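Novice: Give me a 3D structure for the following:
(one chain, ligands or ions: 1)
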Amino acid sequence: MAEPIVSLKDVVVSYREDIALRGVSLNINEGEMMGIAGPNGSGKTTILTVVNGLGRLEYGEANVLGYQMKAGRRGRSFRLNSRIAQMRKMIGYVPQGALIDPRVPVNVREAVMIGRYGLIGLFRYPAKTDWEKVDRLLEMVDMSHLSDRPFGHLSGGEQERVAIARALAQEPRILLLDEPTTGLDWRSRVEILNIIEQVHKERKLTTLLVTHDPQDTFNICDRVVLLKNGLIAALGPPKEVLSEGNLKAVYGDRQSETSRRS
Ligand SMILES: Nc1ncnc2c1ncn2[C@@H]1O[C@H](COP(=O)(O)OP(=O)(O)OP(=O)(O)O)[C@@H](O)[C@H]1O
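Specialist: Here you go, the predicted model:
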């Protein structure tokens, strides 16, 4: 069987007195769409930072795209850091919240192009083919009609589409999405999830979708991991994992009712 593209083994991460991950083991296969759900503070974003090579492992190891990261090694060796930088070029990241300060005077096309500078190289101008790729991505996320609009004038859902296009502009193999549906109304949320599913398939990506609402994972993820207090409470296909019992154990009574209703 093929090696997993992401493998975490007994990973512990802490931020001073807060322990964010308490021994997480997780394998993700190439081409898989993995949901990561759980309440606030359960460690979802921290998993993304580990996969992205930015998390400092207290214990355990992580293997991402064949690059190995072990406890205590980060920050000690220039060679190790430059290897991790190579790995990060293959990982697209859509962070939680605003992608770019809305006061920065860039339009939608330019905002997406920022994602290509890792490939183009700093201090070089984008070629015509780079702009063509950006335009194709804008079509993919259905934003061509707003390509000249200042980024700061977009709605939350439109900003999220641009953030996804920007992450794809670097032509990643792995796409990390941190709560892309937070703050969106029902319609925009469905649209964003559809776009995520479409780009995942078309670009043959391995995708990690973090959400505090497990319902987001139901129709589009192959598997979902439910986190509670930095530990995996359940892992498997959404239809099995998102049972009333599991949701109640992780979110408590009221939230589990809302999650099942929505
Ligand atoms: N930079 C940091 N410094 C100190 N503590 C942190 C830091 N980042 C995260 N934590 C703590 O680590 C724990 C896990 O945080 P994390 O952001 O991974 O959770 P999350 O599930 O993504 O939460 P949310 O849904 O609120 O974004 C929390 O207790 C949080 O307060």
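
Novice: which residues in the stretch 101-250 of the chain form helices?
Specialist: 108-114, 117-120, 128-140, 156-169, 186-202, 238-241, 244-251 (DSSP state H, counting those that start in this stretch).

Novice: for the residue nearest to Pro150 when sequence neighbours are not counted, what are its contacts?
Specialist: Nearest residue to Pro150, sequence neighbours excluded (CB to CB, 6 or more residues apart in numbering): Asn107, at 5.6 Å. In short, each C-beta sits where N, CA and C put it, glycine included. The contact partners of Asn107, by CB atoms under 8 Å, 6 or more residues apart in numbering, come to Ser147, Asp148, Arg149, Pro150, Phe151.

Novice: Next to the ligand, which bits of the stretch 151-262 of the chain? Give me the list.
Specialist: Residues of the stretch 151-262 of the chain lying near the ligand by CB under 6 Å from any ligand atom: His212.

Novice: low-confidence ranges in the protein?
Specialist: 1, 73-80, 98-99, 253-262 (pLDDT under 70).

Novice: now the farthest one out in it, which residue is it?
Specialist: Lys128 (28.8 Å; CA atoms, centre = their mean).

Novice: How much space separates that one from Asp135?
Specialist: Using CB to CB, to the nearest Å, Lys128 is found at 10 Å from Asp135.

Novice: cool, Arg187 as well?
Specialist: 25 Å.

Novice: In terms of neighbours, single out the busier of the two.
Specialist: Asp135 (14 against 9; other CB atoms under 10 Å).

Novice: residues in contact with that one?
Specialist: Neighbours of Asp135 in contact, by CB under 8 Å, 6+ apart: Arg109, Ser144, Ser147.

Novice: now those residues as JSON lines including distance to Gly66?
Specialist: Formatted as JSON lines, the contacts of Asp135 follow (distance: CB to CB, whole Å):
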{"residue": "Arg109", "distance to Gly66": "34"}
{"residue": "Ser144", "distance to Gly66": "36"}
{"residue": "Ser147", "distance to Gly66": "36"}
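
Novice: so which of these comes closest to the ligand?
Specialist: Nearest to the ligand among the contacts of Asp135: Arg109, at 29.9 Å, using CB to the nearest ligand atom.

Novice: Number of residues surrounding the residue lying closest to the closest one once chain neighbours are set aside?
Specialist: Leaving aside its chain neighbours, Arg109 sits nearest to Ser147 (4.7 Å; criterion: CB to CB, 6+ apart). Neighbours of Ser147 under the rule other CB under 10 Å: 17.

Novice: what about Ser147, distance to Leu154?
Specialist: 11 Å.

Novice: Give the residues shared as contacts by the two.
Specialist: With CB under 8 Å, 6+ apart as the test, Ser147 and Leu154 both reach Val108.

Novice: Contact residues of the stretch 1-150 of the chain facing the ligand?
Specialist: So far as CB under 6 Å from any ligand atom goes, the stretch 1-150 of the chain lies against the ligand at Tyr15, Asp18, Ala20, Gly38, Asn40, Gly41, Ser42, Gly43, Lys44, Thr45, Thr46.

Novice: In helices only, show me those.
Specialist: Lys44, Thr45, Thr46 (DSSP state H).

Novice: Of these, select the buried ones using a PyMOL command.
Specialist: Only the buried entries of those go into this PyMOL selection, using 16 or more other CB atoms under 10 Å:
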select buried, resi 44+45+46
